[in-house]
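A.B. asks: the following block contains a protein sequence and its predicted model.
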2 protein chains.
Amino acid sequence: MDKSCINVGILGWGTVGTGVSKILVNQNSLISKNSYVQLSLKKIVKRTLPATRVGIELPTDCLTDDPSDVVDNPEIDIVVELIGGVSGAYSLISRAIQNGKHVVTANKALLAEHGSELFQLAQKHKVSLNFEASTAGGIPIIKTLQESFTANQIQSIYGIVNGTCNYMLTEMHERGVDFADILSDAQEKGYAEADPTLDVEGIDAAQKLTLLIALAYGVNIPVNQFHVEGITDISQKEIQYARELGYVIKLLAIAKLTDDNRVEARVHPTLLPERSLLANVGGAYNAVCVVGSAVGPTLFYGQGAGEMPTASAVVADIIDAAKSIQRGVSSPISHAWLENSQTANSICPIDDIETRYYLRFVVIDRPGVLASIGSILGNCNISISSVIQKEPHCTETVSLMMLTHKAKEKDMKSALEQIYTLEVVKGDAKLIRIEEEAAF
Amino acid sequence: MDKSCINVGILGWGTVGTGVSKILVNQNSLISKNSYVQLSLKKIVKRTLPATRVGIELPTDCLTDDPSDVVDNPEIDIVVELIGGVSGAYSLISRAIQNGKHVVTANKALLAEHGSELFQLAQKHKVSLNFEASTAGGIPIIKTLQESFTANQIQSIYGIVNGTCNYMLTEMHERGVDFADILSDAQEKGYAEADPTLDVEGIDAAQKLTLLIALAYGVNIPVNQFHVEGITDISQKEIQYARELGYVIKLLAIAKLTDDNRVEARVHPTLLPERSLLANVGGAYNAVCVVGSAVGPTLFYGQGAGEMPTASAVVADIIDAAKSIQRGVSSPISHAWLENSQTANSICPIDDIETRYYLRFVVIDRPGVLASIGSILGNCNISISSVIQKEPHCTETVSLMMLTHKAKEKDMKSALEQIYTLEVVKGDAKLIRIEEEAAF
């Protein structure tokens, strides 16, 4: 099939859909100059009509409220799914694939849950299922893992992949404000949703980590099978103490290949040395560090969300699919979720990881407290690298901060259980893991 | 043509060639897991035989001293050129292309000089000519510009693309050593060649900039047609004064699209705000910032040279070519150097650029000197943003540092000509351009 013009249909005309339509309509000649493909935006599905958007004039009859005008339309070559959600998107994408259409999606939640089925379906129907925009917005991290680092065994991935959390942590670090205040500020500015749970609880980052792990290791680890911890417990105190110790707190999505060929997967707040590149990724930006066996440490930085950055990735995916159609070949299918691409054996549970820790205990200011805690840690093979005790301010309790050397998570859990039985220790410790290895 | 195994021949078994052979032989099953292609290393051409390398055992009869065993060998599907230099490489690559072979090269000097002819030849013979390793080593910046940012008009590129210079400037900044000392240190460590001219004079960076500009703007600007300035004039004094002012000096390769659709191209030492990401790219690492119309600011960081990082990019190119062969289609040809992909009109000469400047004058310590210099600058439309004068140390001259607001380069030249006629000014000023816009 040698088609001179490739027809595109979009499901959903929200923020990203609007950006994609702007590029396809307003930048059409730029696209053909850049990549020698001729794209035509034929249909956009929007649930409630009529609708208009500033900065874009759609072709006549482009808008429709019926998804089958896209997924069942013989004229459409490429279906772009931007409605979000899982079940509705799943059934529309499946139908589009069964109708022989190439699909582009930005839907990480869908792929994290149904990636395997959808990629197998796409393979069966010899169409592509591109998803660059699903992770880290405009940053081409999916293509990099799929095409540029193919000569590498991926050793580790450290990602700042949630712009909302990074915006909030950056503001907390730079302006000294507290979590609750910055959350309402982020909501006002549109950086956080009315219900911020998916972002601040780390779930969005975990879904993206699932995709990165599938690409890097060929294993499919559902979000509920690894440690996911958000930023809701990070107070201004932790930000300040971390800063005094020379660290910045970031929400990281982390994947590592262990020596015994298991995959470590976790999302949690992390202390990073303040001069490292990742620590200096500020505001709503994203960055992903990938360490490969041949290429060594790399970092990819850019906007992880927003109308035009995400649209940039979606349109690149559309162009890739269009090139395959024009060349008359079935597109390269992503092998990430297909069984025989596995390069790792199984998941490494959080208890088995080894890392450095920041700990803050609230203790009664009494002689011997440090000795008691230190002795329990020592008995659990945890060695302290530095301690700070803050003078009390008219209270009888003080904050006792410690950084540890590398220790096993299960030893830490067992030590904390014992420490919590001490009468002088008030409440649970604040525990934040440290990642020196991500420090480049 | 559906081939189950793709045969590879390598021209040159130096540092990068050794890395490529290691990956092809030792990591063969990883490659087929990662990308579903079966590669076989058939021949390596090395001028003097016999030869061995630590860490790799080649297949029998693999080594040869005759290039035609690769470029004219009907068994070979993909030719990897890693001999460097221009004329010999040009003729071997041309012959390989004419023989219908796909070509992978890391040779920026060759492409900067003969890119147009070679890409036209490759297009004519329907083969690919991949060159990811030519710029910024393991960082996939070529693929990103060619495939991921196709929905963008590229607005600017700021690259730290010469690891030798970046290593030297980093050491000068961090250890306070002078240029000459660090050059011999870099030579001892293998970061700098015996003849370091290509690196320290900025020519290597300029060749890479030529490639990036061809990809971003579809125009071919030879190295001798834009401003290229190396780091040989950067003394410890400039490093220290820059630091006092809150800046770090980096050698940057810069390209920008001007408002009137011309391309600014230049390579020179640049002051960057010390907290910016680019300023924190240390040692022999490379980083490229790309600002796109849709994606906004992005940064790509990694090792720009060395055996395995460069081999990572070469092998990714080999795999891309192999996939095309397996799918039975002619590979996507890079359109960068083909005439009708132009998105910019012409080159913007350095006289027309506008930037901020760091200036250091050596002047006689006498009243009225600052006024004389300031008045000439003012008359040339150059406004001073800050001034530092250093106390003299037993000499009658003092250093007078200034940062200017944005000014036109031609106004600066004219101002300096007038300033040099002042009796109180000794020798030429040190002039370093400042790039605040690259500061993210």
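C.D. replies: Cool, the structure landed.
A.B. asks: for A:Arg243, which non-adjacent residue is closest in space?
C.D. replies: A:His173 (6.9 Å; C-beta to C-beta, 6 or more residues apart in numbering or on different chains). C-beta: built from backbone N, CA, C; applies to glycine.
A.B. asks: so where's chain A shaky on pLDDT?
C.D. replies: Applying pLDDT under 70 to chain A picks out residues A:1-3, A:330-345, A:392-394, A:439.
A.B. asks: in it, which helix is the longest?
C.D. replies: Taking DSSP state H as the criterion, chain A has its longest helix at helix A:307-327.
A.B. asks: assign a three-state SS to the residue lying farthest from the centre of chain A, would you?
C.D. replies: No residue in chain A sits farther from the centre than A:Pro367, which is 45.2 Å out by C-alpha atoms, centre = their mean. Under DSSP: H, G, I helix; E, B strand; the rest coil, the three-state class of A:Pro367 is coil.
A.B. asks: same question, A:Ala136
C.D. replies: State at A:Ala136, reduced to three classes by three-state DSSP: coil.
A.B. asks: thinking it is in contact with A:Gly159, fair?
C.D. replies: Yes: under the criterion of C-beta atoms under 8 Å, A:Ala136 makes contact with A:Gly159 at 7.0 Å.
A.B. asks: what's the residue farthest from the centre of chain A sitting at in phi/psi?
C.D. replies: Per-residue torsions, A:Pro367: phi -60, psi 140 (degrees, to the nearest 10).
A.B. asks: likewise A:Ala265?
C.D. replies: Per-residue torsions, A:Ala265: phi -140, psi 130 (degrees, to the nearest 10).
A.B. asks: how many residues are close by it?
C.D. replies: Applying other C-beta atoms under 10 Å in any protein chain shown, we find 28 residues neighbouring A:Ala265.
A.B. asks: and it, bridged to which residues?
C.D. replies: In this entry, A:Ala265 is beta-bridged to A:Ala255, by DSSP bridges.
A.B. asks: let me see the contact set for it.
C.D. replies: Taking C-beta atoms under 8 Å, 6 or more residues apart in numbering or on different chains as the contact definition, A:Ala265 lies against A:209-210, A:213, A:221, A:225-227, A:254-255, A:347-348.
A.B. asks: number of residues surrounding A:Lys124?
C.D. replies: 11.
A.B. asks: for chain B, see how far away it is.
C.D. replies: Separation of A:Lys124 from chain B (C-beta to the nearest C-beta, to the nearest Å): 16 Å.
A.B. asks: pretty sure A:Ile382 is touching A:Ser414, no?
C.D. replies: No: contact criterion C-beta under 8 Å: A:Ile382 and A:Ser414 do not qualify, at 9.5 Å.
A.B. asks: who's in contact with the residue nearest to A:Arg243?
C.D. replies: For A:His173, the contact set (C-beta under 8 Å, 6+ apart) comprises A:239, A:243, A:248-249.
A.B. asks: secondary structure class for A:Leu215?
C.D. replies: Looking at A:Leu215 with three-state DSSP, the answer is helix.
A.B. asks: who touches stretch A:409-428?
C.D. replies: By C-beta under 8 Å, 6+ apart, the surrounding residues in contact with stretch A:409-428 are A:350-355, A:357, A:361-364, A:366, A:369, A:372-373, A:376-377, A:379-382, A:397, A:404, A:429, A:431.
A.B. asks: please redo it, this time with the cut-off set to 6 Å
C.D. replies: Stretch A:409-428 has contacts (C-beta atoms under 6 Å, 6 or more residues apart in numbering or on different chains) with A:350-351, A:353, A:361-364, A:366, A:369, A:372-373, A:376-377, A:380-382, A:397.
A.B. asks: likewise stretch A:51-68?
C.D. replies: A:11, A:18, A:21-22, A:25, A:43-46, A:49, A:92.
A.B. asks: just the buried ones from those residues, in PyMOL syntax?
C.D. replies: Paste this into PyMOL to select the buried members of those, with burial taken from 16 or more other C-beta atoms under 10 Å in any protein chain shown:
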select buried, chain A and resi 11+18+21+22+25+43+44+45+46+92
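A.B. asks: for the contacts of stretch A:51-68, which one is nearest A:Asp185?
C.D. replies: Of all the contacts of stretch A:51-68, A:Asp185 sits closest to A:Thr18, with 24.7 Å by C-beta to C-beta.
A.B. asks: beyond the helix or strand that contains that closest one, next helix or strand please.
C.D. replies: A:Thr18 is part of helix A:15-26 when elements are defined by DSSP states H and E. Next helix or strand after helix A:15-26 toward the C-terminus (DSSP H and E): helix A:28-35.
A.B. asks: list the buried residues in that following helix.
C.D. replies: A:30-35.
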